[in-house]
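>>> Starting from these lines, generate the structure:
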Amino acid sequence: MKIFPIFRIEIGIQMFKGEDYAHFWVEEGILNFIYKPNIILDINEARAVVKARLRLQQGKVYPILCDIRQLKTSSKAAREYLAVDGCLNALAVAFVIEESYFGTMMSAFREISKPNVPIETFTTTSEALNFLKQFE
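Residues are numbered from 1 along each chain as shown. Model (predicted):
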């Protein structure tokens, strides 16, 4: 597994709560986003993650690689929120998933929530990055 630098998101001395749930950084024009292990994502956590990501982006629009392989689960409310607000300032989103449970969940997410940017799911980071390069 490739190790990436983790940038802390700070204003003064305040840490954004979203960092409690995920790591964010921009590399080669792509915003990378990896959920920390065993996170149970509910609506409040989803809002914190989006707020932290948008602060990092500072108004810039990026293709986003979102690795959810370590995410334990997410609520319906969190998924619905992320389908709309989670796609703000995103050109496209590539999810890196485990083949089993999350593949089914992501298919349902796309069909029910209908995100407003191109979304694809992959089982490897390299496949996800290849997809996102067309949006740089």
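>>> mind checking pLDDT for the nearest residue to Gly59 once chain neighbours are set aside?
By the measure of Cβ to Cβ, 6 or more residues apart in numbering, the closest residue to Gly59 outside its immediate chain neighbours is Asn89, 7.2 Å from it. All C-beta atoms are positioned from the backbone trio N, CA, C, and that covers glycine. pLDDT, Asn89: 94.
>>> isn't Asn89 right up against Lys60?
Yes. Applying Cβ atoms under 8 Å, one finds Asn89 in contact with Lys60, separated by 6.9 Å.
>>> what's in contact with the host helix or strand of Ala78?
For Ala78, the enclosing helix or strand under DSSP states H and E is helix 76-84. Here helix 76-84 makes contact (Cβ atoms under 8 Å, 6 or more residues apart in numbering) with 41-43, 45-47, 50, 74, 109, 113-116.
>>> what does stretch 35-46 give?
20-23, 49, 66-75, 77-78, 81-82, 86.
>>> which residues in the protein form helices?
43-57, 76-84, 101-113, 125-132 (DSSP state H).
>>> weakest of the ones you listed by average pLDDT?
Among those, helix 101-113 scores lowest, at a mean of 66.
>>> Narrow the contacts of helix 76-84 to just the buried residues.
Leu41, Ile43, Glu45, Ala46, Arg47, Val50, Ser74, Phe109, Ser113, Pro115 (16 or more other Cβ atoms under 10 Å).
>>> so which of those residues comes closest to Glu27?
Val50 (20.0 Å; Cβ to Cβ).
>>> and the closest one, what does it touch?
By Cβ under 8 Å, 6+ apart, Val50 lies in contact with Gly18, Tyr81, Leu82, Asp85, Gly86, Leu88.
>>> tally of neighbours for Leu65?
As a burial measure, Leu65 scores 22 neighbours (other Cβ atoms under 10 Å).
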